[in-house]
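K.L.:
Model the following, please.
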Amino acid sequence: MIATGDTTVFRTVGVPIIGPGWNGIDMEVVTGAVPLPAFRFHPDAYATVFEHVTGTCDACGHHRDIRYTSSFYSAHSPDYICPWCIADGTAARVFNGEFNDAASVEGAEGDLAIHDTRVLTDAREVLEVTTRTPSYVSWQQERWLAHCGRPCAFIANIGAGGLAAFLHEPDFADDVDAGAGYGGEVVRRWLTADGDLAGYLFECLSCGAHRLHLDAG
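P.N.:
All right, here's what the predicted structure looks like:
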């Protein structure tokens, strides 16, 4: 369980928590005998960026009951993408697109905002984040943080009330104090999970350290 300030998120690292009630999705009805794919870099994606809508997936042509609702960067504009076509790369291949911009993955080749030369992110895992991982909802374009030379997993939005649980971690504290131009004290006081100054919590899949990304509306 992680208390994120404005909400409490129940989760297990690397394993999506799937059950009735998330976004009104009854997973037994949605999937039948076909298990939903897991997303290791966005383990709780079904809570926030999928909805229960019946339709035909534009990538695979199969009739589905669960649709992706967040970012997809492509010259095409598919209306319906199912989670299976995200997980196996079909959607990214068919529409020559990305769910997360490669240049927004910290430490990736082409990253325009590298601030720490120690961050050299694994290219294969960057490709997994960009082409086979659901994005998350943010004010501006998403930013995918890294740690231990790997992309982190996106965990949840986080508000000021949830910061204390992670401030003992040096890298997380540095992210807070950097403040994305706002300053640490502003972040500690005004950060919200879904307000004008929003926080996004990431977790390293190697060592369990946490990182914080900020975005403002």
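K.L.:
only C-alpha atoms for contact and neighbour calcs from this point on.
P.N.:
OK.
K.L.:
need the helices for this structure, in chain order.
P.N.:
Secondary structure of the chain (DSSP state H): helices at 27-31, 45-48, 83-87, 90-95, 123-132, 170-178, 184-190.
K.L.:
Return the set of buried residues in the shortest one.
P.N.:
So that's helix 45-48. Buried residues in helix 45-48, counting neighbours by 16 or more other CA atoms under 10 Å, are found at 45, 46, 47, 48.
K.L.:
and what of stretch 77-90?
P.N.:
Within stretch 77-90, the residues scored as buried using 16+ other CA under 10 Å are 80, 81, 82, 83, 84, 85, 86, 87, 89, 90.
K.L.:
what's the answer for stretch 170-190, then?
P.N.:
For stretch 170-190, by 16+ other CA under 10 Å, it's 171, 172, 173, 175, 176, 177, 179, 184, 187, 188.
K.L.:
ok, now which ones touch the closest residue in space to residue 70 that isn't next to it in sequence?
P.N.:
Once flanking residues are discounted, residue 70 sits nearest to residue 49: 5.6 Å by CA to CA, 6 or more residues apart in numbering. If you count contacts by CA atoms under 8 Å, 6 or more residues apart in numbering, residue 49 has them with 68, 69, 70, 134, 135, 136, 137.
K.L.:
Backbone dihedrals for residue 49, please?
P.N.:
Main-chain dihedrals, residue 49, degrees, to the nearest 10: phi -120, psi 20.
K.L.:
what separates it from residue 67, distance-wise?
P.N.:
8 Å (CA to CA, to the nearest Å).
K.L.:
ok, now residue 207?
P.N.:
32 Å.
K.L.:
Please say which of those two ends up with more neighbours.
P.N.:
residue 67 (21 against 9; other CA atoms under 10 Å).
K.L.:
Who are the contact partners of the more buried one?
P.N.:
50, 51, 52, 53, 54, 80, 81, 82, 83.
K.L.:
how about 7 Å then?
P.N.:
For residue 67, the contacting residues are 50, 51, 52, 53, 80, 81, 82, by CA atoms under 7 Å, 6 or more residues apart in numbering.
K.L.:
bridging residues for the nearest residue to the last one once chain neighbours are set aside?
P.N.:
Nearest residue to residue 82, sequence neighbours excluded (CA to CA, 6+ apart): residue 67, at 5.0 Å. The partner list for residue 67 in beta bridges (DSSP bridges) reads residue 51.
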